[in-house]
Every structure is written in structure tokens, then in C-alpha cells.
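S.K.: Sequence first, predicted model second:
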Amino acid sequence: MSLQPLRSELPVFLDPYLPRNKANGRPFVTLTYAQSLDSRISKGRGQRTIISHEETKTMTHYLRAHHDGILIGTGTVLADNPGLNCKWMGPQSSTSTKMVESPRPIIIDMRQEWKFVGSKMWELYNAKQGKAPIIIVQDEPQIREPDVKYIVISQPQFKWESLLKILREDYGIYSLMVEGGASVIKQLLLRPDLVDSLIITIGSTFLGVHGVEVSPERPLNLENIDWWKGTRDSVMCATLCHD
Ligand SMILES: NC(=O)c1ccc[n+]([C@@H]2O[C@H](COP(=O)([O-])OP(=O)(O)OC[C@H]3O[C@@H](n4cnc5c(N)ncnc54)[C@H](O)[C@@H]3O)[C@@H](O)[C@H]2O)c1
Ligand SMILES: Nc1nc(=O)c(N)c(NC[C@H](O)[C@H](O)[C@H](O)COP(=O)(O)O)[nH]1
């Protein structure tokens with residue numbers, strides 16, 4: 001399905017929060033997600049839930065066009081079967097340039113529960129509309145899936161700073177968009193040392209007490225805050241305070 005055109009104010013609004021070159025050995029990291037008014041990102045664990053309006057969906061694809069990589073956690077890849085490509089074509093693009101503009105999917109799958117072959121990502125890759133993923137695993141895989149790259153961590157938990165360094169140095173990921181889910185977002189909200197931009201879409205809906213909540217484990221302040229108001233959603237851009 002094609003996207004709605006990008007709202008004309010969004011490029012200027014988003015520009016200060018888009019990736020810039022970083023000299024500190026890790027990628028520029030954008031943490032972005034869509035939440036309800038009651039701070040939920042889905043109706044329930046494992047339930048794919050559309051929160052964004054069509055115009056903020058287009059914004060998400062515009063953001064994808066500006067990043068080398070797009071990372072999600074196991075819960076999200078299993079629940080959502082996401083495509084993680086970029087459908088925003090830009091003013092002068094043609095279908096043949098889609099693959100170039102799509103970020104590389106980076107999937108946390110420590111216990112190898114997800115399969116690339118047969119997924120939406122795989123269909124898009126075969127249609128030359130998306131890239132094959134890098135998968136983060138705990139152990140060397142017994143069967144390597146076609147065109148997938150594996151980062152073997154050799155322990156159940158990885159340290160974000162180490163993973164980011166590997167992504168930049170070994171895979172040329174200079175800008176990384178992190179799209180969730182809840183566990184990943186909660187960890188990174190507490191890492192102002194690693195997150196460069198925070199972009200949250202707030203949808204005008206309540207998802208209720210059974211929804212998957214996103215709330216950091218301790219209070220958190222933001223700075224460099226700006227808001228955009230759309231038809232149904234608002235978008236807040238900010239940076240995390242180092243306090
Ligand atoms: N609205 C949105 O913007 C949005 C975005 C993404 C996902 N979602 C929703 O969020 C839900 C999934 O959230 P979730 O919290 O269950 O899953 P998640 O996607 O955050 O994945 C969590 C899992 O990733 C792995 N993981 C995360 N950090 C790790 C680390 N440091 N080391 C090792 N492994 C690590 C662990 O296996 C962990 O259980 C789904 O319902 C999905 O639809 C919504
Ligand atoms: N911006 C945004 N608004 C939403 O309403 C929603 N549910 C997500 N969720 C993010 C999560 O990462 C999804 O899995 C991908 O958004 C699916 O991506 P595709 O469209 O299949 O490429 N993100």
C-alpha cells in the first residue's frame with residue numbers, strides 16, 4: 001500500500017533531530033515509537049496495534065530513509081512480522097532506488113526464535129524493496145539463513161555500547177533508528193549517553209490497562225523539545241537530559 005504524501009512542515013520540524021556525523025565511535029541513535037495517551041504501545045503483548053495516523057506513518061518512513069539501520073527487539077519481530085523497509089520515495093526517487101534507501105533491519109533474537117525465510121522482510125528483500133537483516137544471537141546458529149548476517153554475542157544479555165560499536169565498525173551503520181518494542185525502549189530511555197534523538201508519536205487513543213506500557217524505571221527529563229500537531233496525532237522531538 002502506498003503512503004500518503006509527507007506533510008510539508010515535517011522536514012523542517014524534524015531536521016534538527018536527524019542523524020549527524022558522530023566522532024565518538026558509535027552510530028547516531030534515534031529512539032522512536034508511537035504511544036497512546038495512556039503511554040501504551042500496543043493493546044497487549046504480542047498484539048500488533050496501529051496507533052499512528054497515515055500522516056505519521058509517512059513520517060516514520062521518511063525517518064527510515066535517513067538511517068543506515070533500523071533495530072527492533074524479539075517481542076516486536078515475533079508479534080508484528082514487520083517489513084522494516086522504506087516506502088517513502090523522496091521527491092525524485094523511482095522504484096529501482098527503493099533498496100538503496102531502505103535501512104538495514106537489525107533484529108535482536110538471542111534465542112533464534114524468528115525465521116527470516118517466509119517473513120514479510122524476506123518477501124520485501126526478494127522483491128528488491130528492502131534489505132536482508134543482521135540478527136543478534138547468543139550462540140553461533142546451526143543453520144544460517146540466506147543473506148543474513150549474524151552478530152554472535154556469546155552471553156544472554158548484550159551491552160548496548162558494545163553492540164553499537166560493532167554495528168558502526170563492522171557493518172558501517174553510522175545512524176540507527178530504534179523502533180521498539182517496550183523492553184528496548186525502556187532500556188534506552190535511561191541511556192542519554194547513547195540516544196541522540198527521541199521522536200515520539202502520540203496518538204489520540206487510549207489502549208487501556210492491558211496494553212503494553214512504556215514507562216522508564218526512574219523519572220527522566222527531556223530538553224531541546226519541539227512539538228508538531230497533525231490531524232489526529234502529535235509528534236514530540238527531544239533529547240534526553242544527562243542528569
Ligand atoms: N507502537 C510502537 O511504536 C511499537 C513499536 C515496537 C513494538 N511495539 C509493540 O511492542 C510489543 C513488543 O514489546 P516487548 O517489550 O515485548 O518486546 P521487544 O521488541 O522490546 O523485545 C524484547 C526482547 O528483546 C530481547 N532483548 C532486548 N534487549 C536485550 C538486551 N540488552 N540483551 C539481550 N536481549 C535483549 C529480549 O529477548 C527481550 O525479551 C509488541 O506488542 C509490539 O507490537 C509497538
Ligand atoms: N510509528 C509506529 N506507529 C504505530 O502505530 C506502530 N504500531 C509502530 N510500530 C513499530 C514497529 O516496529 C512495527 O513493527 C513496525 O512499524 C512495522 O513496520 P512495517 O510497517 O511492517 O515496516 N510504529
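M.R.: All right, it came through fine. Numbers count the residues shown, from 1 in each chain. Ligands and ions are numbered 1, 2, ... in the order given.

S.K.: Pro105 contacts Tyr125, correct?
M.R.: No: taking contacts as Cβ atoms under 8 Å, Pro105 lies outside contact range of Tyr125: 9.0 Å. For the C-beta atoms, the positions are set from N, CA and C on the backbone; glycine is no exception.

S.K.: which element is the residue lying farthest from the centre of the chain on?
M.R.: Here the centre of the chain is the reference, and by Cα atoms, centre = their mean the most remote residue is Gln142, at 27.7 Å. If you go by DSSP states H and E, Gln142 is not part of any helix or strand.

S.K.: for the closest residue to Ile151 other than its chain neighbours, what are its contacts?
M.R.: Distance criterion Cβ to Cβ, 6 or more residues apart in numbering; nearest residue to Ile151, sequence neighbours excluded, is Ile136 at 4.9 Å. By Cβ atoms under 8 Å, 6 or more residues apart in numbering, the contact set of Ile136 is Ile106, Ile107, Ile108, Asp109, Met110, Tyr150, Ile151, Ile153, Phe158, Leu163.

S.K.: All the strands of the chain, in order from the start?
M.R.: All strands of the chain, identified by DSSP state E, fall at 28-35, 40-42, 69-72, 104-108, 134-137, 149-152, 175-178, 197-203, 212-213, 222-229, 233-240.

S.K.: between the ones you listed, which gets nearest to Phe116?
M.R.: strand 134-137 (7.4 Å; Cβ to Cβ).

S.K.: Give the pairing partners of that closest one; include direction for each.
M.R.: strand 104-108 (parallel), strand 149-152 (parallel) (DSSP bridges).

S.K.: Can you name the residues of this protein that neighbour ligand 1?
M.R.: Within reach of ligand 1 by Cβ under 6 Å from any ligand atom, the chain has these residues: 33-34, 41-42, 45-48, 51, 72-76, 79-80, 108, 110, 157-158, 179-184, 187, 212.

S.K.: Please work out how many residues are found near the nearest residue to Gln155 once chain neighbours are set aside.
M.R.: Computed as Cβ to Cβ, 6+ apart, the closest residue to Gln155 that is not its neighbour in sequence is Gln138, at 6.7 Å. Summarising burial for Gln138: neighbours were counted as other Cβ atoms under 10 Å, giving 15.

S.K.: got it, and Lys229?
M.R.: Lys229: 10 neighbours (other Cβ under 10 Å).

S.K.: ok, it to Glu9 distance?
M.R.: The gap separating Lys229 from Glu9 is 10 Å, by Cβ to Cβ, to the nearest Å.

S.K.: can you check Ile51 too?
M.R.: 21 Å.

S.K.: Show me the helices in this protein, by range?
M.R.: 10-14, 54-65, 74-80, 98-101, 120-126, 160-171, 182-189 (DSSP state H).

S.K.: Would you mind pulling up the elements that the third one packs against?
M.R.: Based on contacts counted as 3 or more Cβ pairs under 8 Å, 6 or more residues apart in numbering; DSSP states H and E, the elements that helix 74-80 packs against are strand 104-108, helix 182-189.

S.K.: Give me the contact list for the longest one.
M.R.: Applying Cβ under 8 Å, 6+ apart, the set of residues contacting helix 182-189 from outside is 29, 31, 33, 41, 71-73, 75-76, 108, 160, 178, 194-195, 198, 212-217, 220, 240.

S.K.: Drop anything exposed from those residues.
M.R.: In the contacts of helix 182-189, burial by neighbour count holds for 29, 31, 33, 41, 71-73, 75-76, 108, 160, 178, 194-195, 198, 212-214, 240, counting by 16 or more other Cβ atoms under 10 Å.
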